[in-house]
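# Just a sequence and a predicted model for now, questions to come.
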Amino acid sequence: MDSPLKQLTVNYLHKTCLAVLLLFFSHVSTAADSPVIAAAASVKFALQEIAKAFHQDTGKSVRISYSSSGNLTRQIQQGGPFELFLSANAQYVAQLYQQHKTLDQGVIYALGRIVLLTHKNSSIVLDEHLSAVNLALKAGQLQRFAIANPLHAPYGVAAREVLQQLGLWDLAKPHLVLGENVAQAAQFASSGAAQVGLISYSLALAPALQNRTRSLLIPASLHPPLQQSMVLLNNAGETSKLFFNYLLQEKARDILSRYGYSAP
């Protein structure tokens, strides 16, 4: 017959194990209810607002991982734990679809733009054809020019195209400071680490940047269309699907519009 002390110990262990199991399954449930979304850095501030509105309206939450579209594509190809992918262009979504990583071909949910941006105390004049930047480069007055890395960031590709179209690529190339993504390029230009930058319009409109920078919209004719695209990945759950549909609704579109995105 078990002693009272032994029985008490067994009961305590049972309760402790039960508590640990409940805590574990509670964590798993919470993680499952808050799927991880992979999103291009260009949409960061707009998406933060949309995710907040989504939580207020549905009671559900998402976790968002920001990086360049190319880096996120590589992570998805390597089995990253994402359920929804928001790319800064349609190319990466098409690539993942062809590799059978997605439920379908996705949709274009918004169109992005590029701005020329500098710190508000900078003496550089902003004009849409970068004439003053051209003169500053030739005079040796502009040493650091920030763009996102064109190797894996769609806004970097667009920035390179703008410079090529204006005949400035070879002149600017030795002075380029490459951000890992467009948000980092924006940080370089807004902090003064770079004297000027070509970044996404959506980031330039964020309050944190507006307070310390000046920017000018670049004509869309100078670069390929920035088709912000999104697609559900093969393991997408109900919350991710709900968030996907929410991004197509009026409230989300209004937020995207405030951050400079136009409807496709």
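Thanks, I have it. Numbers count the residues shown, from 1 in each chain.

# Surely residue 234 and residue 99 touch.
No - contact criterion C-beta atoms under 8 Å: residue 234 and residue 99 do not qualify, at 10.5 Å. The way it works is simple: take the backbone N, C-alpha and C, and place the C-beta from them, glycine included.

# Could you list the single helix or strand in the protein with the lowest mean pLDDT?
helix 4-33 (a mean of 47; mean pLDDT, DSSP states H and E).

# C-terminal to it, what's the next element?
Next helix or strand after helix 4-33 toward the C-terminus (DSSP states H and E): strand 36-40.

# Run the chain-centre distance for that following strand.
For strand 36-40, the distance from its own C-alpha centre to the chain's C-alpha centre is 7 Å (C-alpha atoms, centre = their mean, to the nearest Å).

# same thing with stretch 247-256?
16 Å.

# Touching it from outside, list them.
For stretch 247-256, the external contacting residues (C-beta atoms under 8 Å, 6 or more residues apart in numbering) are 46, 49-50, 53-54, 57, 86, 107, 109-110, 230, 246, 263.

# out of those residues, which are buried?
46, 49, 50, 53, 54, 86, 107, 109, 110, 230, 246 (16 or more other C-beta atoms under 10 Å).

# State whether the last one and residue 50 are indeed in contact, as I suppose.
Okay, so that is residue 246. Yes - contact criterion C-beta under 8 Å: residue 246 and residue 50 qualify, at 7.3 Å.

# number of nearby residues for residue 47?
Residues lying near residue 47 (other C-beta atoms under 10 Å) number 25.

# Kindly apply the preceding question to residue 199 instead.
33.

# The helix or strand containing it: partners in the sheet, and parallel or antiparallel?
Counting by DSSP H and E, the element that carries residue 199 is strand 196-200. Strand 196-200 has the following strand partners under DSSP bridges: strand 114-119 (antiparallel), strand 145-148 (parallel).

# got the CA coordinates for that strand in CSV?
The C-alpha trace of strand 196-200 is given here as CSV (Å, rounded to 0.1, in the frame of the first residue of the first chain):
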residue,chain,number,x,y,z
VAL,A,196,19.8,60.6,-51.5
GLY,A,197,17.9,57.4,-52.3
LEU,A,198,15.3,55.9,-54.6
ILE,A,199,12.8,54.1,-52.4
SER,A,200,9.2,53.1,-52.3
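
# how big is the angle separating it from strand 36-40?
130 degrees (axes from the mean of the first three to the mean of the last three C-alpha atoms, to 10 degrees).

# pLDDT on strand 196-200, on average?
For strand 196-200, mean pLDDT rounds to 98.
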